[in-house]
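>>> just to be clear, the model below is a prediction. Sequence and coordinates:
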Amino acid sequence: MNSPVEIPFKSFIQLKPEENTALYLQIVFEFIKAIQTGFLPEGTKLPGTRILCKVLEVNRNTLIKAFQDLESQGWIETLPNKGTFILSQQKQKNKAEFTTLKEPNQSAIDTGFTFQRSTILENPIEISNLPYQFNDGMPDLRLVQTDVLARLYVSKLKRHKTSKTYEQIQLRSHSNFKTQFANYLNLTRGIRISTSNLLTASSHEIALYLVTKVLINAGDKVVVASPGYYMSNMTLTNTGAQIISIPVNEDGIDTKKLKEICETSKIRILYLTSNYHYPTTILMSAKKRIEVLELANKYGFVILEDDYDFDFHYDHNPVLPLAAFDTNQRVVYIGSFGKSLPSGFSYGFVAAPADFIKELEKNQNILEPGIDVMKEQVLTEWISEGEVHRLSKKNKKIYKERRDFFVSILNEKLNGKIKFKIPPRGLAIWVEWLPDFNLIKFQKECLNNGLFLPKTILYQTKDLTATRLGFGHLEKEEMEKAASILKQSLEAIL
């Protein structure tokens, strides 16, 4: 197994001895941030304190004190004769399952050969069977029009046979799909692309992986916003890139800080969750959008724009992505399509210069060599006949009603305890808590009361206690009950 010392701690554990905050508290806050953003996934084994204090250049007693604080808060656990791990709910289960199989000095799950293991790509997603739960903003699968898709799919399968070869059918089907899809993106996002500027993938995650594989080499400097999107941070870190975090202000990322970094370092990529920052839902101002494009042109970095929830905007004039105003071809635009469709019908996509798309296709041919002809034909028909637009319009009306109801419930149940802004798009609300309390204790109290809060929606630093509460998957009665549990749990720990 790769040594945990190989984890690039200094790229995301940034200590400032000159500040007034005690150094051990800085370590605590930096580790919590690294866990929440996905740099240290659950189950990651940490180096020993003697080794880690050398890596971070701190006194061992200071590090031990920080670890004791992290363990008391429930962020890490120390197992005798094993080491210290980022807390995992599965660890005790796995321990029990394999205890009787262990030989002396041998792991029970050792294989007969060695292989590379990733400490970065551990899945941070937690699963619960509790009746009430929040997520980071997922759609409601109960709203999916499965019957309509099923009819279209069956009709395609029943059509008469053709004399054309399967390869000819694939080529024509994919060409028609890309044409309709490009037209759809041009109409909804204003990005003005042709099929040569478009790559479609089976998922958003595959699209992001392909882009990072082609764009990033080990050691490249990649700027991300903090707090940021844990899944993309995992993918970016896995490339071997040096991650540099910049703060987010009330009107978007700190462009002054970005400029300072550009003046002293060669930046390869600026990763942005488009105009509405994840997780805070903050809208980047028009001024800053222009500044980012100008900085990219001046300093030669690529803007990797991840538009994670464009489909869920609630106004008539949505803010268009940076890609719509990119005249210098510095933006690689990634998004998803069909989040409201049944599992298996959604797509990820990349819109970028044609020569870059060609290179992505070479790599995609290894990961996804085949084309699902039936799926593409069904979606081509859905787009061309306007069914996608009708479904989107219908769902947006439902989600807007849910957003407004959730806002009213939060104001009613937690008035004086929280502050938030009503997001003009998306399926989650960024809630900052006014009382000072421990989010892990709060999570456990909610769990005892029947409400699940995954750690991926919890954000706590010395200056911030916040949660990203997804409402899209909840009906009104479920929202009301969940908010009541939030209130009850908060009162219990304060």
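Sure, I can see it. Residues are numbered from 1 along each chain as shown.
>>> check contacts around Leu87.
Listed by C-beta atoms under 8 Å, 6 or more residues apart in numbering, the contact partners of Leu87 are Glu42, Gly74, Trp75, Ile76, Glu77. Placement of C-beta: from N, CA and C, glycine included.
>>> show the buried residues in those residues.
Neighbour counting with 16 or more other C-beta atoms under 10 Å marks Glu42, Trp75, Ile76, Glu77 as buried within the contacts of Leu87.
>>> distance to Ile243 and pLDDT added to those residues, as a markdown table?
Converted to a markdown table, those look like this (distance: C-beta to C-beta, whole Å; pLDDT from 0 to 100):
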| residue | distance to Ile243 | pLDDT |
| --- | --- | --- |
| Glu42 | 19 | 78 |
| Trp75 | 20 | 85 |
| Ile76 | 21 | 87 |
| Glu77 | 26 | 87 |
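>>> out of those, which sit inside strands?
Ile76, Glu77 (DSSP state E).
>>> nearest to Asp306 among the buried ones among the contacts of Leu87?
Closest approach to Asp306 among the buried ones among the contacts of Leu87 (C-beta to C-beta): Glu42, at 23.2 Å.
>>> so how far is Gln443 from the closest one?
Glu42 sits 14 Å away from Gln443, taking C-beta to C-beta, to the nearest Å as the criterion.
>>> in the stretch 151-300 of the chain, which spans are strands?
198-201, 221-226, 242-249, 252-253, 267-272 (DSSP state E, counting those that start in this stretch).
>>> kindly report the same for the stretch 301-450 of the chain.
302-307, 331-337, 347-351, 418-419, 428-433.
>>> redo those strands as TSV? Include mean neighbour count, distance to Asp254 and mean pLDDT.
Putting the strands of the stretch 301-450 of the chain into TSV (neighbours: other C-beta atoms under 10 Å; distance: least, C-beta to C-beta, whole Å; pLDDT from 0 to 100) gives the following:
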stretch	mean neighbour count	distance to Asp254	mean pLDDT
strand 302-307	23	16	96
strand 331-337	24	20	94
strand 347-351	23	27	93
strand 418-419	16	21	96
strand 428-433	20	17	97
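>>> TSV please, covering these and showing distance to Asp404.
As requested, the strands of the stretch 301-450 of the chain are exported to TSV (distance: least, C-beta to C-beta, whole Å):
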stretch	distance to Asp404
strand 302-307	24
strand 331-337	24
strand 347-351	30
strand 418-419	17
strand 428-433	11
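>>> shaky segments in the stretch 251-400 of the chain?
342-344 (pLDDT under 70).
>>> contacts only, for the nearest residue to Ile13 once chain neighbours are set aside.
Leaving aside its sequence neighbours, Ile13 sits nearest to Glu30 (C-beta to C-beta, 6 or more residues apart in numbering; 4.6 Å). By C-beta under 8 Å, 6+ apart, Glu30 lies in contact with Phe12, Ile13, Gln14, Leu15.
>>> and those residues, which of them are in helices?
Counted as lying in helices by DSSP state H, out of the contacts of Glu30, are Phe12.
>>> identify the farthest-apart pair in the contacts of Glu30.
Using C-beta to C-beta, the contacts of Glu30 reach their maximum pairwise distance at Phe12 and Leu15, which is 11.2 Å.
>>> so which of these two has more stuff around it?
Phe12 (23 against 17; other C-beta atoms under 10 Å).
>>> my read is that the more buried one contacts Ala241, right?
No. In this structure Phe12 lies outside contact range of Ala241 using C-beta atoms under 8 Å: 11.4 Å.
>>> would you format the strands of the stretch 151-300 of the chain as JSON lines with distance to Gly426 and mean neighbour count included?
Formatted as JSON lines, the strands of the stretch 151-300 of the chain follow (distance: least, C-beta to C-beta, whole Å; neighbours: other C-beta atoms under 10 Å):
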{"stretch": "strand 198-201", "distance to Gly426": "22", "mean neighbour count": "22"}
{"stretch": "strand 221-226", "distance to Gly426": "16", "mean neighbour count": "23"}
{"stretch": "strand 242-249", "distance to Gly426": "15", "mean neighbour count": "18"}
{"stretch": "strand 252-253", "distance to Gly426": "15", "mean neighbour count": "24"}
{"stretch": "strand 267-272", "distance to Gly426": "15", "mean neighbour count": "23"}
